[in-house]
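J.: next comes the sequence, and after it the predicted model I'd like to discuss.
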Amino acid sequence: MAEPPLLESLGAVTALLISILIVFAVSRQTTRKSFQKRTFLFSLILLIAAVVSNILLTISLRTPAQDPSQALIFTKRVQGTFDLLFAISIGVFVLATAKPEIDSWKAFRAHLRHELPNPFLFYAAVQVVAIGALWATQPIPIDIGGGATRIAFPAVFLFLGGLAWITVLTYVPAMLLAHVRRVPARPSVKRDVYLIIAGVVGYAFFEFVVEVVLPYYAIDVRAAGFIVEVMLVGLVALALREKGFLEDLLMPQPEAALSTAPSFRLRRGHTYIVLEEKPVHSFEIFRDLVTHGAEGLCITRKPPKTVAQDYGLERTPILWLSRVANQKNCVRPSPPENVAVAVEHFMNAGQSPVVLLDGFEYLVAHNDFPSILALVHDLNENVSLRDSILLIPLDSRTISEREFALIKREVQVIEPPGGPRQPPRVEVDYSKLARKGRG
């Protein structure tokens, strides 16, 4: 057996190490987008398989008994198969990125069944046909002397392979850019989308040039190609890096779209204060809205797992308003801008958003009242601009009459059936109590 090709071996080993680092980095991410994560990891495994198989086949087939040109063609077929399978798996990843409701293989299959004809099916079919053409056609190796071999590909393969290449260049940007236009995304999200497009499109373009165009001119740059292609895929991994809770958790989607009429009809563009001691009626309204097509966000003092179980919320994002808890889906009460940013981001991203802010008294306890009143002002303006609904359960006894009057000027007031469900206000003169204590 001949000595292993040094340059190609170094290129493959370098690309393999970079790929392993990318796999390790992505696998360590903790994210609710587990379907996207698993799909991308599978794509990386296919990429690693392409690199490893190429170098192993190149080494094993370099024997005196083997025709070097036929060995080269066989390695290209194997690597091309992995590359086209990589394109299919990346297509699944892109579809799940552009369609947030696809969060499992079951949801993926349901999407394909319910939306026919589907662009993804055409995209995947083109890649499969290209794989068949890769093995059915016979490239023609031409020895041009000096140990160099020029490879001429049949017209059928060039047509089908070129069609597969064009579908990647069009499908990926079209799906992701349509998603960005449909959902008003923040600048950081747009930047990540552009990184995914650059990585996938760059990989497809570079792979076609290295494996099809340059071999026609007897130019073999696979050693450098391995490294460049893996680095381009690294751009996709960079876009998938762990984000803040806003981009990762606050994905607007309705809990359900029941055909029955909703029990509560609230005008959009308004903030509603629900007068009650415990947020029972507020959650009734919220659940009714999110199960009739509205996209809900719940910010609550209760543990999110408890809220999800009590009200059957599986898709609705729930943030825990807590100063102590350190889970990923927690938002601290101070400064109030933490809550404002979360609510504003959700309203900007959603189509028909409704937000339940349970914990007004908790916010007042950890901030001064003027800052909380300013928070209500800002949220109310965003509610009006985004044609949203904001529900705030409130026990009016927890604040003074003057503070309650200031809040009522900004909002609509809802009293649960049977009254506000809270005892009458009892005003206490704390200065007299303090003097009595000193006496």
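T.: Cool, got the structure. Numbers count the residues shown, from 1 in each chain.
J.: checking the nearest residue to Cys330 once chain neighbours are set aside next. Helix, strand or coil?
T.: Nearest non-adjacent residue to Cys330, counting by C-beta to C-beta, 6 or more residues apart in numbering: Trp320, 4.6 Å away. For glycine as for every other residue, the C-beta is placed from the backbone atoms N, C-alpha and C. What DSSP: H, G, I helix; E, B strand; the rest coil gives for Trp320 is strand.
J.: quick one: Trp320 and Cys298 touch, right?
T.: No - taking contacts as C-beta atoms under 8 Å, Trp320 lies outside contact range of Cys298: 9.7 Å.
J.: number of residues surrounding the residue nearest to Cys330?
T.: Here the count is done by other C-beta atoms under 10 Å, and Trp320 has 23 residues near it.
J.: and the closest residue in space to Gly234 that isn't next to it in sequence, what element?
T.: Among residues not flanking Gly234 along the chain, Ile22 sits closest, at 5.5 Å (C-beta to C-beta, 6+ apart). Here Ile22 sits within helix 6-27, counting by DSSP states H and E.
J.: list the buried ones in the very next helix or strand once past that helix?
T.: Following helix 6-27 in sequence order, the next helix or strand is helix 34-60 (DSSP H and E). Under the neighbour-count criterion of 16 or more other C-beta atoms under 10 Å, helix 34-60 has 35-44, 46-55, 57-59 buried.
J.: now do the helix or strand following helix 34-60: distance to the chain's middle.
T.: Using DSSP H and E, the helix or strand that directly follows helix 34-60 along the chain is helix 68-98. Relative to its parent chain, helix 68-98 has a centroid offset of 24 Å by C-alpha atoms, centre = their mean, to the nearest Å.
J.: return the angle between stretch directions for helix 68-98 and helix 34-60.
T.: Angle, helix 68-98 to helix 34-60, by axes from the mean of the first three to the mean of the last three C-alpha atoms, to 10 degrees: 170 degrees.
J.: buried sites along helix 68-98?
T.: 68-69, 71-73, 75-76, 78-98.
J.: got a list of contacts for the helix or strand harbouring Pro370?
T.: Assigned by DSSP H and E, Pro370 belongs to helix 369-385. Helix 369-385 has contacts (C-beta atoms under 8 Å, 6 or more residues apart in numbering) with 269-271, 335-336, 339-340, 343-344, 347, 357, 360, 363-364, 388-390, 392, 399, 403, 406-407, 410-411.
J.: out of the residues you listed, which are buried?
T.: Buried, going by 16+ other C-beta under 10 Å: 271, 336, 339-340, 343-344, 347, 357, 360, 363-364, 388-390, 392, 399, 403, 406-407, 411, out of the contacts of helix 369-385.
J.: still on that earlier bit, quick one: residues contacting the residue nearest to Gly234.
T.: Residues near Ile22 by C-beta under 8 Å, 6+ apart: Leu44, Val230, Val233, Gly234, Ala237.
J.: and Ala237, backbone torsions?
T.: phi -60, psi -40 (degrees, to the nearest 10).
J.: all helices for the stretch 251-400 of the chain, in order.
T.: Counting by DSSP state H, counting those that start in this stretch, residue ranges of the helices within the stretch 251-400 of the chain are 280-290, 304-311, 337-349, 360-365, 369-385.
J.: buried ones in the longest one, by neighbour count?
T.: By neighbour count on 16+ other C-beta under 10 Å, the buried set for helix 369-385 is Ile372, Leu373, Leu375, Val376, Asp378, Leu379, Asn380, Asn382, Val383.
J.: from Ile196, how far out is the first one?
T.: According to C-beta to C-beta, to the nearest Å, Ile372 stands 39 Å off from Ile196.
J.: of the contacts of Ile22, grab the buried ones for ChimeraX.
T.: Only the buried entries of the contacts of Ile22 go into this ChimeraX selection, using 16+ other C-beta under 10 Å:
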select :44,230,233,234,237
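J.: count of residues packed around Ser263?
T.: The local packing of Ser263 (other C-beta under 10 Å) involves 11 other residues.
J.: out of everything not next to it in sequence, what's closest to it?
T.: Spatial nearest neighbour of Ser263, chain neighbours left out: Asp288 (5.0 Å); criterion: C-beta to C-beta, 6+ apart.
J.: next up, the contacts around that neighbour.
T.: Per C-beta under 8 Å, 6+ apart, neighbours of Asp288: Pro262, Ser263, Phe264.
J.: how about a markdown table for those, with distance to Phe122 added?
T.: Shown next, in a markdown table, are the contacts of Asp288 (distance: C-beta to C-beta, whole Å):
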| residue | distance to Phe122 |
| --- | --- |
| Pro262 | 38 |
| Ser263 | 43 |
| Phe264 | 43 |
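J.: wait, which of the residues you listed is closest to Phe206?
T.: Using C-beta to C-beta, Pro262 is the member of the contacts of Asp288 that lies nearest Phe206, at 52.4 Å.
J.: any idea how far the closest one is from Val290?
T.: 10 Å.
J.: Asp378 now?
T.: Remark: distance between Asp378 and Val290 (C-beta to C-beta) = 23 Å.
J.: what do you get for Val230?
T.: 43 Å.
J.: repeat that for Ser104.
T.: 20 Å.
J.: the two: who's more crowded?
T.: Val290 (26 against 13).
J.: does that one touch Val354 like I think?
T.: Yes - counting by C-beta under 8 Å, Val354 is a contact partner of Val290 at 6.6 Å.
J.: okay, and the common contacts of the two?
T.: The contact lists of Val290 and Val354 share Gly296, where a contact means C-beta under 8 Å, 6+ apart.
J.: residue contacts, the residue nearest to the spatial centre of the chain?
T.: Nearest to the mean C-alpha position of the chain, by C-alpha atoms, centre = their mean, lies Thr97 at 5.3 Å. Taking C-beta under 8 Å, 6+ apart, we find Thr97 in contact with Gln36, Met175, Leu176, His179, Val193, Ile196.
J.: repeat that for 7 Å
T.: Gln36, Leu176, His179 (C-beta atoms under 7 Å, 6 or more residues apart in numbering).
J.: could I get these as TSV with pLDDT?
T.: TSV is the format used below for the contacts of Thr97 (pLDDT from 0 to 100):
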residue	pLDDT
Gln36	80
Leu176	88
His179	78
